[in-house]
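Visitor: My questions are about this predicted structure, shown below with the sequence.
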Amino acid sequence: MTIVSVCGFGVGSSLILKLSIDKAFKELGMNFEAINADIITAKSTECDAIFTSFQMAEDLRREVKVPVIAIDKYMDVVEVKAALEKFIAEFNSK
């Protein structure tokens, strides 16, 4: 499973979100990949889901076929972990 964290330029806040996703995966005992990218790259990257801000989520949802999960606080591992757990449950139920 690959999760892409996205921000406008792919270097600042997307990296912070990626680190929170990594921590959440570790807490869940899962060994999956998280990468960070800018919005243009994310639109063409093969992945299972995209995590991003509420501001970018709608644009991405129109352009990609994978779930786009909006996160409010990128450094809040509890929020990120809850979103990740919900996504994984939905992913596994398909």
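Guide: Sure, I can see it.

Visitor: Please, where are all the strands along the protein?
Guide: Secondary structure of the chain by DSSP state E: the strands cover 2-7, 33-38, 49-52, 68-70.

Visitor: For residue 80, which of the ones you listed is the nearest?
Guide: Of all those, it is strand 49-52 that lies closest to residue 80, at 7.3 Å by C-beta to C-beta. Yep, even glycine has a C-beta here, placed from its N, CA and C like the rest.

Visitor: strand partners of that closest one, parallel vs antiparallel please.
Guide: Applying DSSP bridges, strand 49-52 is found paired with strand 2-7 (parallel), strand 68-70 (parallel).

Visitor: export it as CSV, just CAs?
Guide: Only the C-alpha atoms of strand 49-52 are listed here, as CSV (Å, rounded to 0.1, in the frame of the first residue of the first chain):
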residue,chain,number,x,y,z
ALA,A,49,-4.7,7.0,-1.4
ILE,A,50,-3.8,10.7,-1.2
PHE,A,51,-3.7,12.6,2.1
THR,A,52,-3.7,16.4,1.8
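
Visitor: now that strand: mean pLDDT?
Guide: Average pLDDT, strand 49-52: 98.

Visitor: ok, now stretch 29-39?
Guide: Averaged over stretch 29-39, pLDDT sits at 94.

Visitor: Start and end of that stretch, how far apart?
Guide: End-to-end span of stretch 29-39 (C-alpha to C-alpha, to the nearest Å): 29 Å.

Visitor: residues making contact with that stretch?
Guide: By C-beta atoms under 8 Å, 6 or more residues apart in numbering, the residues outside stretch 29-39 that reach it are 1-11, 14-15, 17-18, 21-22, 25, 45, 47, 52, 56, 59-60, 88.

Visitor: Could I get the buried residue list for it?
Guide: Across stretch 29-39, burial judged by 16 or more other C-beta atoms under 10 Å covers 34, 35, 36, 37, 39.
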